[in-house]
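> model the following, please.
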Amino acid sequence: MRTRCVIALSAVAGAAFGAAAGLSIASADTQKAPGATIQPIPLAEQGYFFVGGHYVESGGKRLMAGQMYVEYLTPQNVTRPYPIIMIHGTAQTSTNFMGTPDGRAGWAQNFLARGYRVYVVDQVGRGKSGADPQIYGPYMRFSVEQEESLFTAPEKYKLWPQATLHTQWPDGPGVSGNPAFDQFYASQVESIASTVKTEELMFPADVALLEKIGPAIVLTHSQSGVFGFKLADARPDLVKAHIAVEPNGPPFYDIDFKGGDDWYKDSDKIARFWGVARLPLAYDPPAAEALELHLTRQKEPDEPVLVRCWLQVEPARQLSKIKSVPTAIVTGEASFRATYDHCTSKFLTQAGVQNTHLRLEKVGLHGNGHMMMLEQNSAGIADVIVSWLQQNVK
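The predicted structure is shown next:
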């Protein structure tokens, strides 16, 4: 379904999370506090479609599975050659990018204002794409405490050294009772419990989207980082750049945070056998099985507040296809990912993938947590990403 020559309206005062999206696309350059009128961005086109999907038998019924909801927005003044696809992480939906929980413009609007066509998706088996435990298996949902400790109020729980630096959640601490947190938590949905199943479902849907719209920039967040690396590996001809915002990681093992002096430990089992993905990647020399990747651990961390990285034993196999895709990793100063995103960057560099690790504090943006696209300085972070794209994508 599509709408052409959309009439832009003023943002509704005090809009709830994402409510300003509709026909009213707020400008990134005039973000104001809730209750203010936000200058709209005129659209040439707005609509949605589904990609992927096939019919299955489930519970005695013929149903569709594997479909992915895609919403697109085209500004009247398109100045960038490639659109940007935004893919959310665990428990999230496309609302992450369509507004902030305190009523400001979201990253979709930020990039529209800078001349990009924007596509936002709901992961397969979630949100508008449709959830079905009979088809996709068990689901999981984050508790309030999990969201607070990892995403919105790490300074309260102090599970990793950088947590106390968090300052950017809108309107004070990101805990239940804070209106911005309550709006955010209201947006959280159940996710497919199996991470492997999720990757298997998302890969064909993501490829179908790229094949439908053509070459694009892929912006991933958190859980979806692995989708971006797999896409860059499988279709480097269509992925013009991968912006991995705090991607699922670090390579190989997950990290469990405990707080205190001995503040972390590795997961008991390898989480991403292929390094930055659970699905096979094209290494050179080829690896028929992930066990052919030989691992070694840093003896000492790069800094005391950083995790010791798992890397390949030298000579390291090269990620021969991903290396052609411009890659950036974006990390907030106070996020739990600040402790180990450098490991993802190191692993990619060792595997021949030139990448830029954009640590926000090093470009003057301080205090960000994992949900940076919703935080007070979200538009400034979008500017950092756009600046990198201008330098690296022609």
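
> which ones are touching Asp206?
Residues in contact with Asp206 (Cβ atoms under 8 Å, 6 or more residues apart in numbering) are 68, 87, 218, 227, 231. C-beta coordinates here come from the backbone N, C-alpha and C atoms, glycine included.

> try Phe273
Neighbour list for Phe273: 252, 290-291, 293 [criterion: Cβ under 8 Å, 6+ apart].

> if we use 10 Å, what do you get?
196, 252, 279-281, 289-291, 293 (Cβ atoms under 10 Å, 6 or more residues apart in numbering).

> likewise Asp284?
317-321, 323, 351-352.

> and the residue nearest the centre of the chain?
His221 (1.1 Å; Cα atoms, centre = their mean).

> please name the bridge partners of that one.
Counting by DSSP bridges, His221 is bridged to Val245.

> surely it is in contact with His88?
Yes. Proximity of His221 to His88 meets the contact threshold set by Cβ atoms under 10 Å, at 5.9 Å.

> overlap in contacts of the two?
96-97, 373.

> could the residues you listed go into CSV alongside distance to Gly52?
Putting these into CSV (distance: Cβ to Cβ, whole Å) gives the following:
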residue, distance to Gly52
Asn96, 21
Phe97, 20
Met373, 25
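
> and which of these is nearest to Pro42?
The shortest gap between Pro42 and any of the shared contacts of His221 and His88 belongs to Phe97, at 19.3 Å (Cβ to Cβ).

> give me the neighbour count for the closest one.
30 (other Cβ atoms under 10 Å).

> for the record, mean pLDDT for the host helix or strand of it?
Assigned by DSSP states H and E, Phe97 belongs to helix 95-98. Confidence for helix 95-98, expressed as mean pLDDT, is 97.

> in PDB, list the C-alpha atoms belonging to the helix or strand following it.
Using DSSP H and E, the next helix or strand after helix 95-98 towards the C-terminus is helix 107-113. Output in PDB follows, covering the C-alpha atoms of helix 107-113 (Å, rounded to 0.1, in the frame of the first residue of the first chain):
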ATOM      1  CA  TRP A 107      16.300   8.500  13.300                       C
ATOM      2  CA  ALA A 108      13.900   7.900  10.300                       C
ATOM      3  CA  GLN A 109      13.100  11.600  10.300                       C
ATOM      4  CA  ASN A 110      16.700  12.500  10.900                       C
ATOM      5  CA  PHE A 111      17.800  10.700   7.800                       C
ATOM      6  CA  LEU A 112      14.800  11.900   5.700                       C
ATOM      7  CA  ALA A 113      15.800  15.400   6.600                       C
END
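
> what's the separation between the nearest residue to Val393 once chain neighbours are set aside and Gly225?
Counting by Cβ to Cβ, 6 or more residues apart in numbering, Val393 lies nearest to Ala241, which is 4.8 Å off, once chain neighbours are set aside. The spacing between Ala241 and Gly225, counted by Cβ to Cβ, to the nearest Å, is 14 Å.

> same check, this time on Pro170
In terms of Cβ to Cβ, Pro170 sits 24 Å off from Gly225.

> can I get the contacts of Asp284 in JSON lines including pLDDT, secondary structure and neighbour count?
Formatted as JSON lines, the contacts of Asp284 follow (pLDDT from 0 to 100; DSSP: H, G, I helix; E, B strand; the rest coil; neighbours: other Cβ atoms under 10 Å):
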{"residue": "Arg317", "pLDDT": "98", "secondary structure": "coil", "neighbour count": "21"}
{"residue": "Gln318", "pLDDT": "98", "secondary structure": "strand", "neighbour count": "17"}
{"residue": "Leu319", "pLDDT": "98", "secondary structure": "strand", "neighbour count": "25"}
{"residue": "Ser320", "pLDDT": "95", "secondary structure": "coil", "neighbour count": "18"}
{"residue": "Lys321", "pLDDT": "97", "secondary structure": "coil", "neighbour count": "19"}
{"residue": "Lys323", "pLDDT": "96", "secondary structure": "helix", "neighbour count": "18"}
{"residue": "Ala351", "pLDDT": "98", "secondary structure": "coil", "neighbour count": "24"}
{"residue": "Gly352", "pLDDT": "98", "secondary structure": "coil", "neighbour count": "16"}
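
> ok, those residues vs Leu306, which is closest?
Ala351 (19.8 Å).

> how far off centre is the helix holding Phe97?
Distance of helix 95-98 from its chain centroid, counting by Cα atoms, centre = their mean, to the nearest Å, is 11 Å.

> what comes up buried for that helix?
Counting neighbours by 16 or more other Cβ atoms under 10 Å, one finds that the buried residues in helix 95-98 are 95-98.

> ok, the most far-flung residue of the chain relative to its centre to Gly66 distance?
The C-alpha centroid of the chain is most remote from Gly60, which lies 36.1 Å away (Cα atoms, centre = their mean). Distance, Gly60 to Gly66, using Cβ to Cβ: 20 Å.

> check Ser324 too.
The value you get for Ser324 to Gly66, if Cβ to Cβ is used, is 28 Å.

> ok, Glu333 to Gln298 distance?
22 Å.

> which one's more surrounded, these two?
Neighbour tally, Glu333 and Gln298, criterion other Cβ under 10 Å: the higher count belongs to Glu333, 20 against 14.
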